[in-house]
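Engineer: sequence? don't have it. structure:
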């Protein structure tokens, strides 16, 4: 399988499209009323220009490529102090806009290739991926621990390698290994049971999606994992009748939707298979009348848009040949794949829910601070940043925060504890599970 | 051990100035004592991110970057820097296109972006007091709650209100209220020697920030000096109501003389918030780079005049005046025609602050990273002859003559500038643009114009023509305020 993952050198012309104007540094919308707010977690924490938004990261990239900056511990550290959340990308208006996360990850790939990255704490992830097929250093058997309550209730979950099913529930490592987040796959499986859906899981044979490796710049590890998954998906489709892969993890979803298509054989391997996020999947059922809410939840909630299920799924329209504007021009964007409206529609449909919006939402959502390897590499900072987001949620008067990403789930709950807030983050599946009979 | 600068050539011709390690460590330690461990650095990659901007100005590295959070920290920093004779360059967002924050002589970049409080907003007295890190987007957000506005420039929403105003930047209401610097009502400043001073009404009553008059206008000591006389830590600015009715008058013509005649006539009535004309090349999105000829049948000039009214009758009266002006110009035999201006282009000019205009999307997309200008305040009656010269210079260098003319507050002078994109990755193309811009500047200076927010390359040309008394006074004032020449040294060319 060949992969079209660009090197930093291959992106050089694109990163010279940045004028260093600094539009990326602040979330802004004309309105009216005008909207303005900080958008870059690293900028908030560290302040200096190099840390702030894409302008700063592109300065590093230029310096590395020109040879004016040489790798040293501090520079390597600096390129990993970024959530790659894409908040800056939402603000940029220039031709390099579609490539901003790619430029940052290409810098990290170069660091890994040159033998200086990732950061020591993050290297553990690479080792764990190699030894255990997950980034949590968890033995494979632990991946199934979340299913115990179902066994106890006499509702075991099907192992799709043993019994065919049209739906593969791809749980993801965070839901499987991160104990406080196991409520997410549990709620998902419970919903599936209640709806009478025929689904299965890979159990101990599930392998990480590779997102973490990709975010850290370890393209080799990512490719190895992704190829293994693509082959597994093909096999499941041909031998077990899998037509739909559902994931409740925003990181896995982003990887399947944006990273995997960089493989030249992606189309062939995924032919006949639809990948969907649980939120989209349930929304489809809701619209068809197959998901009905019968219980009331009199909760005041606010909704946090995860980066990976939101703005990262933006499609950018580029005039590659120069027929509309000029070669390489960024023309427009398409947000139809971004899960902005769907979770809100489901939330509002739950009887009793009082949804209160934060200031920074949708493409201007403020990252929880956990992504891009930050939760592993800089846990204190990730937690502090999550505290800022929780604070913003509390300002709405909501009691709880809802999201659709297990990573955000864990980090935001950590953030709430850090600032002594009673606000708790729930996954949308947890609410839906409570609201259906 | 004595301090010594060691020069070494980096790749791309960049001169990397490095202080001797022992002195550097001592200074860094002291800076960290002043602002905190996390807020001072000499890490090379951080310095690098402050070494360049959009302009053609040669990148240069500072020796340190310091992030201040309080006035007291700035005072301590300035006292220390003055004692050690270390250059200090104030920095808010670095989004000017004249290299104003590029440290000509190294030293400390003093990053003020974290001082970003709107200290006071008085919707009745119509003024606000802001810290230097307050952005245009932030202020627009705060003012809109009271249906108020300020002069929004065509810069990024993240750019600093304070830096724009003290550098004589303009906003979208310059035909009505003048430059943003004319909206300044009071100031608090830390001098290069560390003392805290106030000018304007806040100097007499600490809670009164409404006016610089009738006292001696000492705010002039800190406006237009390119950050070379002090650090403005608080700024009082006038704010204005937003009238509900917007009407934009648009015309086009074939000759710059006709456009000048129209603008002069219309400006007499002082009905516009913004009275601007752009050449065909500037009306294109983006500016063609390299130069391409204008289609034969396209007008060479377009103008938009924005007017705001509180009532329909007021709007009708403004419209009546505008129609009268257009008829008069037509009767003179000029080529002025009422024109439909593209909706998107109008939005870009009126829906400010704007990410699209602010990001220079419509300026330098085709060039690649670089944009700079001869940006000038020029007598309106010299616009046409200068434009004709600039056009020759620009086209001769394969650059588009993308010129803007804006009338300021009905006084018959205004902005004349040429937004000049270039491919910054290519040193030859960058130098070509620099030479074109400096050539244009010379023409403007010889016609009575003056550059604003000037790149350092302009200083020699300005001072060459300056009255000896002006230079003597400037040097004397600078020496008085900044005896060791530590504040943004080298920018004034004196």
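Structural biologist: Received the coordinates, thanks. Quick caveat: nothing in here was measured; it's all calculated off a predicted structure.

Engineer: Could you use CA atoms for every contact and neighbour count after this?
Structural biologist: Fine.

Engineer: What's the local residue count around residue B:451?
Structural biologist: By other Cα atoms under 10 Å in any protein chain shown, 21 other residues sit near residue B:451.

Engineer: same deal with residue B:235?
Structural biologist: As a measure of burial, residue B:235 has 27 neighbours, counting by other Cα under 10 Å.

Engineer: Please name the residues that touch it.
Structural biologist: B:129-132, B:162, B:184-188 (Cα atoms under 8 Å, 6 or more residues apart in numbering or on different chains).

Engineer: Those also near chain A: which ones?
Structural biologist: Among those, no residue is within reach of chain A (Cα under 8 Å from any Cα of the partner chain).

Engineer: Determine which two of those are furthest apart.
Structural biologist: Using Cα to Cα, those span at most 14.7 Å, a distance reached by B:132 and B:185.

Engineer: related to what we said a few turns ago, and which of the contacts of residue B:235 is nearest residue B:442?
Structural biologist: Distance to residue B:442 across the contacts of residue B:235 (Cα to Cα) is lowest for residue B:162, with 29.1 Å.

Engineer: one step back: export the contacts of residue B:235 to CSV and tack on distance to residue A:200 and neighbour count?
Structural biologist: Output for the contacts of residue B:235, formatted as CSV (distance: Cα to Cα, whole Å; neighbours: other Cα atoms under 10 Å in any protein chain shown):
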residue, distance to residue A:200, neighbour count
B:129, 62, 25
B:130, 59, 24
B:131, 58, 25
B:132, 58, 28
B:162, 60, 27
B:184, 68, 26
B:185, 70, 24
B:186, 70, 28
B:187, 68, 26
B:188, 68, 23
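
Engineer: Contact partners for the closest residue to chain B within the stretch 101-250 of chain A?
Structural biologist: Relative to chain B, the nearest point of the stretch 101-250 of chain A is residue A:107 (13.7 Å; Cα to the nearest Cα). Counting by Cα under 8 Å, 6+ apart, residue A:107 touches A:7-8, A:61, A:79, A:217.

Engineer: 6 Å instead, please
Structural biologist: The contact partners of residue A:107, by Cα atoms under 6 Å, 6 or more residues apart in numbering or on different chains, come to residue A:8.

Engineer: do the same with residue B:413
Structural biologist: For residue B:413, the contact set (Cα under 6 Å, 6+ apart) comprises B:378-380.

Engineer: Need the pLDDT of it.
Structural biologist: pLDDT recorded at residue B:413 is 92.

Engineer: for chain B, which spans come out with low pLDDT?
Structural biologist: Applying pLDDT under 70 to chain B flags the ranges B:1-19, B:358-367.

Engineer: Can you report how many residues neighbour residue 370?
Structural biologist: Picking chain A for this. For residue A:370, using other Cα under 10 Å, the count is 28.

Engineer: oops, I was thinking of chain B
Structural biologist: Count around residue B:370 with other Cα under 10 Å applied: 30.

Engineer: Closest to chain A out of the contacts of residue B:235?
Structural biologist: Nearest to chain A, judged by Cα to the nearest Cα, of the contacts of residue B:235 is residue B:132 at 15.0 Å.

Engineer: check contacts around the closest one.
Structural biologist: Counting by Cα under 6 Å, 6+ apart, residue B:132 touches B:162, B:233.

Engineer: And it, how far from residue A:234?
Structural biologist: 58 Å (Cα to Cα, to the nearest Å).

Engineer: Same question for residue A:244.
Structural biologist: Between residue A:244 and residue A:234 the computed distance is 12 Å (Cα to Cα).

Engineer: Could you do residue B:71 as well?
Structural biologist: Distance from residue B:71 to residue A:234, by Cα to Cα: 64 Å.

Engineer: what is the closest residue to chain A within the stretch 301-450 of chain B paired to in the beta sheet?
Structural biologist: In the stretch 301-450 of chain B, the residue that lies nearest chain A is residue B:369 (4.0 Å; Cα to the nearest Cα). Per DSSP bridges, the residues bridged to residue B:369 are residue B:423.

Engineer: looking at it, it is touching residue A:21, isn't it?
Structural biologist: No. Using Cα atoms under 6 Å, residue B:369 is not in contact with residue A:21, being 9.1 Å away.

Engineer: burial count for residue 58?
Structural biologist: As the question left the chain open, I've gone with chain A. Residues lying near residue A:58 (other Cα under 10 Å) number 22.

Engineer: um, chain B though
Structural biologist: 18.

Engineer: Among residue B:369 and residue A:21, which residue is more densely surrounded?
Structural biologist: Between residue B:369 and residue A:21, counted using other Cα under 10 Å, the more crowded position is residue A:21 (28 against 25).

Engineer: Am I right that residue B:252 falls within a strand?
Structural biologist: Yes. Per DSSP: H, G, I helix; E, B strand; the rest coil, residue B:252 lies within a strand segment.

Engineer: do you know how far it is from residue B:173?
Structural biologist: 21 Å.

Engineer: Residue B:375 too?
Structural biologist: Computed as Cα to Cα, the residue B:375 to residue B:173 distance reads 18 Å.

Engineer: Touching the longest helix along chain A from outside, list them.
Structural biologist: Ranked by residue count under DSSP state H, the longest helix found in chain A is helix A:219-240. The contact list for helix A:219-240 (Cα under 6 Å, 6+ apart) reads A:164, A:210, A:213-214, A:242, A:269.

Engineer: which of the residues in stretch A:181-196 are buried?
Structural biologist: Neighbour-count burial for stretch A:181-196, with 16 or more other Cα atoms under 10 Å in any protein chain shown as criterion, is recorded at A:181-193.

Engineer: and if you look at stretch B:302-311?
Structural biologist: For stretch B:302-311, the neighbour count (16+ other Cα under 10 Å) marks B:302-309 as buried.

Engineer: Domain map for chain B?
Structural biologist: When chain B is parsed with automatic domain parsing, its domains come out as B:5-111, B:118-241, B:251-454.

Engineer: In a markdown table: the ones you listed, plus distance to residue A:377.
Structural biologist: Shown next, in a markdown table, are those (distance: least, Cα to Cα, whole Å):
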| stretch | distance to residue A:377 |
| --- | --- |
| domain B:5-111 | 18 |
| domain B:118-241 | 29 |
| domain B:251-454 | 33 |
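
Engineer: Just give the number of residues close to residue B:432.
Structural biologist: Per other Cα under 10 Å, the neighbour tally for residue B:432 reads 17.

Engineer: for residue A:346, same thing?
Structural biologist: Applying other Cα under 10 Å, I find that residue A:346 has 19 neighbouring residues.

Engineer: Same check on residue B:439?
Structural biologist: Neighbours of residue B:439 (other Cα under 10 Å): 17.

Engineer: Same check on the one 4 residues further on?
Structural biologist: The local packing of residue B:443 (other Cα under 10 Å) involves 17 other residues.

Engineer: what helix or strand does the nearest residue to it once chain neighbours are set aside sit in?
Structural biologist: Spatial nearest neighbour of residue B:443, excluding adjacent residues (Cα to Cα, 6 or more residues apart in numbering or on different chains): residue B:386 at 6.7 Å. Using DSSP states H and E, residue B:386 sits in helix B:383-396.

Engineer: so what secondary structure elements neighbour that helix?
Structural biologist: Applying 3 or more Cα pairs under 6 Å, 6 or more residues apart in numbering or on different chains; DSSP states H and E, one finds that helix B:383-396 contacts no other helix or strand.

Engineer: Please consider this matter closed, and thank you.
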